[in-house]
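J.: Predicted model follows, preceded by the sequence.
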Amino acid sequence: MANKIKKVGVLTSGGDSPGMNAAIRAVVRACAYYNVECVGIYRGYQGMIEGDFKPMGPRDVKNIINKGGTILKSARSKEFRTPEGRKKAYDNLVAAGIDSFVVIGGDGSFTGAEIFNEEYGFSVIGIPGTIDNDIFGTSHTLGYDTALNTVIDAIDKIRDTANSHNRLFFVEVMGRDAGHIALNAGIGAGAEEILIPEEAFGLDRLVDSLKRSKESGKTSSIVVVSEGDKIGKNVFELKDYIEENMPEYDVRVSVLGHMQRGGSPSCFDRVLASRLGVKAVESLLEGKSNYMVGLYEDKVTLTPLEQAIKGQYEIDMELVKVSDIVSS
């Protein structure tokens, strides 16, 4: 393995997701395995600008694989979006002897890394960390599987009270631009209807679907709504519309919010984070740069950062069909 890399930085940026700590652990321990120094960069790119660095060895990452969030903290840095901010970051990295870094985050974090690479030729590898699963080049992002299980658990509990009171519940889940969480969790939790931004079903279809459910003998219903769904201005507007058009329903809204981003990562996310973290370090040592490590057909693969940022992920239309069939 050709090794010109001497010191690898690792940072988490943007929104946190379960599995980030497991990825940090894998990066640090892979560096130790290959006799490369590793430095934790705190608070994302803002910490890079401020020189908030700490050397990390294998014992610094013990007992974190099971923890949600990120021990390196995370922040969105407006200053890093400026040439002056990136110059400060570069100067700090050079002063600390850091010659490459691994960034764990989403498309905004990858965009920052790509621009930095273009300006300074700095070796960078991205690890996709976001519960929305909206990054091109990987079937799963860190935290997605954990978020799905969190949502499923919450909806199962909500259904208990829905059944007890013959209520209709709108359950809003995260996914501003992507309906992966809503679609998969909706099927897994047996939702009567699923509303996602990729499919503009319309209010009339929703009412028709709920009426069919009522006519078939259902006394309660769960509708899973992705926060980015365009059917109404927000989930509370949906509630008002249904109450006006179907007064027989006692309608409630539950917004799951940031609870979806927290909690102990699932086994799948821990293993995925470990695989991607090791591959990220190995890729740097092999002289590769400006790539994202991801998962495709259960193999760890490399996708150019530009593709990962600009590529169009697609919703699984087979799952949309399955949802229509099994919710009837």
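T.: Yes, it's here. Numbers count the residues shown, from 1 in each chain.
J.: In this structure, which helix is the longest?
T.: Ranked by residue count under DSSP state H, the longest helix found in the chain is helix 144-165.
J.: so where's the stretch 1-150 of the chain shaky on pLDDT?
T.: Judged by pLDDT under 70, the stretch 1-150 of the chain has its weakly predicted residues at 1-3.
J.: Roughly how far does residue 53 sit from residue 97?
T.: For residue 53, the distance to residue 97 equals 10 Å [CB to CB, to the nearest Å]. (C-beta placed from N, C-alpha, C; glycine too.)
J.: These two: who's more crowded?
T.: Taking neighbours as other CB atoms under 10 Å, residue 53 and residue 97 compare with residue 53 leading, 19 against 10.
J.: Angles on the backbone of that one, please.
T.: Phi and psi for residue 53, reported as degrees, to the nearest 10, are phi -120, psi 150.
J.: ok, then the element right after the longest helix of the chain?
T.: strand 167-173 (DSSP states H and E).
J.: Helices of the stretch 51-200 of the chain, start to end?
T.: 83-95, 107-120, 144-165, 180-188 (DSSP state H, counting those that start in this stretch).
J.: Tell me what angle the longest helix of the chain forms with strand 167-173.
T.: Here helix 144-165 runs at an angle of 170 degrees relative to strand 167-173 (axes from the mean of the first three to the mean of the last three CA atoms, to 10 degrees).
J.: about what we covered before: which stretch among the helices of the stretch 51-200 of the chain comes nearest residue 246?
T.: helix 144-165 (15.0 Å; CB to CB).
J.: gap between that closest one and the chain center?
T.: 19 Å (CA atoms, centre = their mean, to the nearest Å).
J.: C-alpha coordinates for it, PDB please?
T.: The C-alpha coordinates for helix 144-165 follow below in PDB (Å, rounded to 0.1, in the frame of the first residue of the first chain):
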ATOM      1  CA  TYR A 144     -30.700   5.600   8.100                       C
ATOM      2  CA  ASP A 145     -31.300   2.100   9.400                       C
ATOM      3  CA  THR A 146     -31.400   3.300  13.000                       C
ATOM      4  CA  ALA A 147     -33.800   6.100  12.200                       C
ATOM      5  CA  LEU A 148     -36.100   3.600  10.500                       C
ATOM      6  CA  ASN A 149     -36.200   1.500  13.600                       C
ATOM      7  CA  THR A 150     -36.800   4.500  15.800                       C
ATOM      8  CA  VAL A 151     -39.800   5.600  13.600                       C
ATOM      9  CA  ILE A 152     -41.200   2.000  13.500                       C
ATOM     10  CA  ASP A 153     -41.100   1.800  17.300                       C
ATOM     11  CA  ALA A 154     -42.800   5.200  17.600                       C
ATOM     12  CA  ILE A 155     -45.600   4.400  15.100                       C
ATOM     13  CA  ASP A 156     -46.300   1.000  16.800                       C
ATOM     14  CA  LYS A 157     -46.900   2.900  20.000                       C
ATOM     15  CA  ILE A 158     -49.100   5.500  18.300                       C
ATOM     16  CA  ARG A 159     -51.100   2.800  16.700                       C
ATOM     17  CA  ASP A 160     -52.000   1.400  20.200                       C
ATOM     18  CA  THR A 161     -53.700   4.700  21.100                       C
ATOM     19  CA  ALA A 162     -55.200   5.100  17.600                       C
ATOM     20  CA  ASN A 163     -56.900   1.800  17.900                       C
ATOM     21  CA  SER A 164     -58.100   2.500  21.500                       C
ATOM     22  CA  HIS A 165     -59.800   5.700  20.500                       C
END
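J.: Many thanks, I have nothing further to ask.
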